[in-house]
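Chemist: this one's sequence-less:
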């Protein structure tokens, strides 16, 4: 069972059919939607401000989601995949986006619908990533637009795969 901890009068709310690894940590003002998966060593730390996660989101191993006290919140839209060891700190990730492994999103960054943030990229505070675009690098910069149907297909395939993977753990 994941560590689910209340703090400052806030208790995390977990949506139906959501898998949480035994060593995931979910703290405070966190709301997670339906059909999500929160993987091993992930920390969702809603102690200083709100974290909102939509439906069918996979937050992969080692990811940390946090915020700034009274200054930023973290909002993750539906059908988002967040790669291993990513850090999301007070940023917004719109529906259908893909956040690569080890990427860092800083406060007030907004990742547009269907956008892809390449592995290892650092999206600086306040950056507005256009929908359907690929950003990469340190700091992350625009690389190219992606075909919206192709992006949607890839991102939905990953999200569906993670629903399958989480099912394996629920069986045992």
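Modeler: Great, that's in hand. Since we're looking at a predicted model, the values are computed, not measured.
Chemist: Poorly predicted segments of the chain, please.
Modeler: By pLDDT under 70, the weakly predicted segments of the chain are 171-172.
Chemist: need the contact list for the spatially most central residue of the chain.
Modeler: Closest to where the C-alpha atoms of the chain average out (C-alpha atoms, centre = their mean) is residue 82, at 4.6 Å. Taking C-beta atoms under 8 Å, 6 or more residues apart in numbering, we find residue 82 in contact with 57, 58, 59, 60, 63, 76, 88, 93, 99. Backbone N, C-alpha and C define where each C-beta goes, glycine included.
Chemist: and what of residue 99?
Modeler: Contact analysis of residue 99 by C-beta under 8 Å, 6+ apart lists 80, 81, 82, 83, 86, 88, 93, 105, 111, 117.
Chemist: any idea how far the nearest residue to it once chain neighbours are set aside lies from residue 155?
Modeler: Distance criterion C-beta to C-beta, 6 or more residues apart in numbering; nearest residue to residue 99, sequence neighbours excluded, is residue 82 at 4.6 Å. Look at residue 82 and residue 155: by C-beta to C-beta, to the nearest Å, they are 11 Å apart.
Chemist: Run through the helices of the chain in chain order.
Modeler: Per DSSP state H, the chain carries helices over the ranges 148-171.
Chemist: Need the single longest strand in it, by residues.
Modeler: What stands out as the longest strand in the chain, according to DSSP state E, is strand 43-53.
Chemist: Which secondary structure elements does it sit against?
Modeler: strand 25-32, strand 64-66, strand 74-76 (3 or more C-beta pairs under 8 Å, 6 or more residues apart in numbering; DSSP states H and E).
Chemist: Perfect, I'm done here.
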